[in-house]
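Asks: Mind looking at a prediction? Sequence and model below.
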Amino acid sequence: MVDRIKRITAHFLTLLILVLLSITLISCKPTVQQCFADSDCVPAQCCHPTEAVNKEEAPDCSATACTAVCEGPLDCGQGEIKCLSNRCTVVALS
């Protein structure tokens, strides 16, 4: 009887560890703006972007038509996207 309880306890602990490990791995998704290099970052909006995001979170702009107005900080060469302190950021050019 004691051996059976030990086996059940061991199986339960193994299952608990696997569940906790799975939860940890699933929750490790990078944040929307996390980056390690400038190439990890893209505009956050299709037209006249004002922010940058990780390329994995890029919007689908395939069916979007934008105007040629220079409104956003990236429009008409006014700025660029950089990875600063591991965060995708829009930087104004001076």
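Replies: That came through fine. Numbers count the residues shown, from 1 in each chain.

Asks: Centre-most residue in this structure?
Replies: For the chain, the residue nearest the mean C-alpha position is residue 32 (3.2 Å; Cα atoms, centre = their mean).

Asks: Pretty sure that residue sits against residue 55.
Replies: No: in this structure, residue 32 is not within contact of residue 55 by Cβ atoms under 8 Å, at 10.9 Å. From N, CA and C alone the C-beta is placed, and that goes for glycine too.

Asks: Could you list the domains of this protein?
Replies: 1-30, 38-92 (automatic domain parsing).

Asks: Past the lowest-mean-pLDDT helix or strand in the chain, which element shows up next along the chain?
Replies: In the chain, no helix or strand scores lower on mean pLDDT, DSSP states H and E than helix 2-26, which sits at a mean of 74. Counting by DSSP states H and E, the element after helix 2-26 in chain order, helix or strand, is strand 41-43.

Asks: Just checking: what are the partner strands of the helix or strand just after that next one?
Replies: Next along the chain after strand 41-43, taking DSSP H and E as the criterion, comes strand 52-54. Partners of strand 52-54 in the sheet, by DSSP bridges, are strand 41-43 (antiparallel).

Asks: Count the neighbours of residue 88 for me.
Replies: 25 (other Cβ atoms under 10 Å).
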